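Asks: Everything below, folded, please.
(2 chains)
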Amino acid sequence: MNSKIGITVLGASITSFLILILITGYLNETVTEDSRYVQQKFYEQLDTNQKIFLIGSSHLIALNATHIQDYLKNNHQSYEVYNLAIGGDKINERVKTVDMIIHSKPDIVVYGIASDDFVDRRSLKNVDDQKQQNYMPDPSGFFHDMLTSFGSNFNYESIEHPRELVGNFLFKITEQPNQIDNRQTSMPFVSITDEEVKIIDKNELKPRPYNEFGIIQTPIKNKRLAEFKEILKELKNNNIKIIIFTTPYSRVFLDSIPSSNTATFNLILKQISDEFNVKIYSLTYRYADLNIWHDYQHLAITKNSIIYSDDIAKIILTEIVT
Amino acid sequence: MLFTTIDFIIFFTVVLISIIVIKNRKFQHLFLLFSSYFFFYYTSNYLIILIIFTTFWDFYFGLAIWKSATHKRKKMLLVCSLIGNLGLLGFYKYADFTITQINFFGNFLNFGNIPLLDFALPIGISFYTFHSITYTVGIYRGIITPVRLREYALFVAFFPQLVAGPILRANQFLPQLREKIVNFSTNSAIRQIIIENQNLKLGITIMAMGFFKKMVIAENITILSDHIFNQPLGAESFTIIIGALAFGIQIYCDFSGYSDIAIGAALVLGFKFPENFNRPYLAISPSDFWRRWHISLSTWLRDYLYIPLGGNKRSNLRTYANLFVVMFLGGLWHGASWNFVIWGILHGMYLAIHRFLSNQFPFFANHNFFKSRIGILFSVLVTQYFVFLAWITFRVHDTKDMIYSISKYVVLDFQTVNTMNIILQHKIPILIMVLFVLFHIIILRKINLIEKISNIKLRWWFVFLISIMTIILLLYDGEPRDFIYFKF
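Replies: Next comes the predicted model:
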């Protein structure tokens, strides 16, 4: 074999990997900066009134902040309520903006979490890997652990999902101005699309494919949990009241979620509750069988799903009163 | 082990370096065999027992068939061998499907439900079972002679083709393990594996194109086809058409991408695999489509099923029935689901109807219009209309979705509001689909583009590799998805 060919392949691999790091680094900075800029702009314009922030991912988009605010007002609690959900929000991203949240001095932060928030996306495995429980050696598990331990010393985040980053960048530069302005004051970081207001009959909801569930690492190994605790710690140190709830899922999702994920998520919840002395409200199963879903994990944004906002309002009121 | 993971890149590099460094030919073959077992064991764990069982089963039945004096005894042994192979395949792949159907009908008669076995589907079982069958049938037909166990085991387990083909035949692969390839002789020495420059360059180019098809085209288009077909009810006709196009391109790039990586990896190691795809979306008739799509399966079905059933040597009616039966079984081979059965039935109908029309109206079949450019374009469009219609049945989740999607595909509603939203939401997949169609038009005449690329000067090949790798890395999801055909 001519070694020139081998060197060419190796050289091309290294060069393209370096190009990837350079481009994603640049795009990451641009997209993150832009997202942070939008958030910073929002937090800066807030006044000194009493405020409640609802924080989390797309599972919170169906929460109507105005409705919650009115409910509290009717119960003699005057707060401005903001739904600060971000589609695809990740704990590792949120931890970077916690200083902005603290700086705008909310009185209460209501954090909606789901088992997916604690999934290690790099631990996605073939469906059959998860089905097989046996005592044979597991080379793929060993290899994965080896890569993960190596990875802890290396910042993968900027190159973790290059497609998402390129897509976000392209979407941003081709985005129409009216798409940005289509956001409500009480929910400033998300635009509601026509699709999200449609209810899909619960019998027609499709489950998430089994192989799209990532694995939740145990509390000791779970990097997302460490970051979540960091957020809670910061909020607590600044005397901001924390309310935590688990976001709702449809029956079709709950039936397909791997039991190991549920067990580990419960362990994580218990640890958070014990360590920060907070009650964690569970809405996971509450609306599972109702006909108010847009897909297996998102409630449709309609008047039928206002029950979700009602429940959160009641939880907040309970916490304020006690 | 998924081809599109860092695990495979490391595995393949280690195998390649070991083959280059240690030049002992016996070691090379054993090393390839155990590497292949490791490759399979890596994701399938204890299910490796099945492939080892299949190997021993067919190896010894092959020997027994060879040694048998009478034709009757040979036939009986072949039947036993097939029962073992197909029984294992049927048990692991179709047991739960059969139980579900029994339970469904049992419910009408108030019978109790039979619990599902819930076995994990052994990856690649459909492929290595078919590989193995070609060996015993080959010996039975007198095409090949028995080889040593380790050679046969390597043929069944050779890692590039192990989990999703191309479906190799014993008489295509086994001679490549020997020095005298032309006159396949079991007496000739085992071949030393030498990594040749031309094979290496061409193999890597084919692999790069395979990675590109899978990781850039298929995985990006998946987002669009999933979006449409996960909830198709209520979708407009044009949305369904875009979904069908998206899925058709996705499955082609997914599967042909896998085949390219397999063919390229084997070529790097000095083994030649047959072509598995030949621009199927330029097919001008259903039979032409099956000469271009999953060629190794369609020729396998032709030689091991269609011809033994009588092929087209009997009455016309029997020919139509044979086509229908073969495609029905071909559909079922894809998986234990009504989706695949219906998909197979549709293709069986296409082939039978096309054959019927050609027989009944030879005037149209031989008309000059169909030989002109416009005529060929017309034939391509009509054929692909039906091919993509069949893809809907392959992709949807249930009967309700299927009926709705097909009715929207066939009877247009001319609504465009939601379709425009979907296009705007999925700019990258749409752009990739457009580029795919343009690429198909560009390569219309340049048939051996990949060979041309592999023959360019090294510095330009370096630029080609950097460009393709950078595009792959930039448009890569970060979470490798299974190849669709892994399930089969």
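Asks: can you give me the helices for the stretch 101-250 of chain B?
Replies: Applying DSSP state H, counting those that start in this stretch to the stretch 101-250 of chain B gives helices spanning B:125-141, B:149-157, B:170-173, B:197-211, B:219-230, B:237-268.
Asks: Pipe the ones you listed into TSV and attach distance to B:S358 and mean neighbour count per row.
Replies: For the C-beta atoms, the positions are set from N, CA and C on the backbone; glycine is no exception. Output for the helices of the stretch 101-250 of chain B, formatted as TSV (distance: least, CB to CB, whole Å; neighbours: other CB atoms under 10 Å in any protein chain shown):
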stretch	distance to B:S358	mean neighbour count
helix B:125-141	29	24
helix B:149-157	38	22
helix B:170-173	31	20
helix B:197-211	35	21
helix B:219-230	33	22
helix B:237-268	25	24
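Asks: Mind putting those helices into TSV with distance to chain A and mean pLDDT?
Replies: What follows is those, written out as TSV (distance: least, CB to the nearest CB, whole Å; pLDDT from 0 to 100):
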stretch	distance to chain A	mean pLDDT
helix B:125-141	12	91
helix B:149-157	16	92
helix B:170-173	23	89
helix B:197-211	5	91
helix B:219-230	5	88
helix B:237-268	10	93
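Asks: Ok, which of those comes nearest B:W333?
Replies: Distance to B:W333, taken as CB to CB, is lowest for helix B:125-141 among these, at 5.9 Å.
Asks: now that closest one and helix B:149-157, what's the angle there?
Replies: Following axes from the mean of the first three to the mean of the last three CA atoms, to 10 degrees, one obtains 130 degrees for the angle between helix B:125-141 and helix B:149-157.
Asks: Give me the distance between helix B:125-141 and the centre of its chain.
Replies: Relative to its parent chain, helix B:125-141 has a centroid offset of 16 Å by CA atoms, centre = their mean, to the nearest Å.
Asks: Show me what it is packed up against.
Replies: For helix B:125-141, the elements it packs on are helix B:48-67, helix B:71-108, helix B:149-157, helix B:170-173, helix B:295-301, judged by 3 or more CB pairs under 8 Å, 6 or more residues apart in numbering or on different chains; DSSP states H and E.
Asks: where does the stretch 101-250 of chain A have low pLDDT?
Replies: Applying pLDDT under 70 to the stretch 101-250 of chain A flags the ranges A:120-161, A:171-185, A:194, A:209-213.
Asks: how about the strands in it?
Replies: A:108-113, A:119-120, A:183-184, A:187-191, A:215-216, A:241-246 (DSSP state E, counting those that start in this stretch).
Asks: Now tabulate these in CSV and tack on mean neighbour count.
Replies: Converted to CSV, those look like this (neighbours: other CB atoms under 10 Å in any protein chain shown):
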stretch, mean neighbour count
strand A:108-113, 23
strand A:119-120, 18
strand A:183-184, 14
strand A:187-191, 18
strand A:215-216, 22
strand A:241-246, 20
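Asks: Adding distance to B:I428, write those out as TSV.
Replies: Listed next are those as TSV, based on distance: least, CB to CB, whole Å:
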stretch	distance to B:I428
strand A:108-113	30
strand A:119-120	24
strand A:183-184	23
strand A:187-191	19
strand A:215-216	28
strand A:241-246	33
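Asks: now for those, which one comes closest to chain B?
Replies: When the strands of the stretch 101-250 of chain A are compared by CB to the nearest CB, strand A:119-120 sits nearest chain B, at 10.8 Å.
Asks: so which of the helices of the stretch 101-250 of chain B comes closest to A:V9?
Replies: Closest approach to A:V9 among the helices of the stretch 101-250 of chain B is made by helix B:197-211 (6.2 Å; CB to CB).
Asks: now the closest one against helix B:237-268, angle please.
Replies: With the same axes, to 10 degrees defining the directions, helix B:197-211 sits at 160 degrees from helix B:237-268.
Asks: just checking, what packs against helix B:197-211?
Replies: Helix B:197-211 sits against helix A:3-44, helix B:237-268, helix B:449-454, helix B:458-474, with contacts defined as 3+ CB pairs under 8 Å, 6+ apart.
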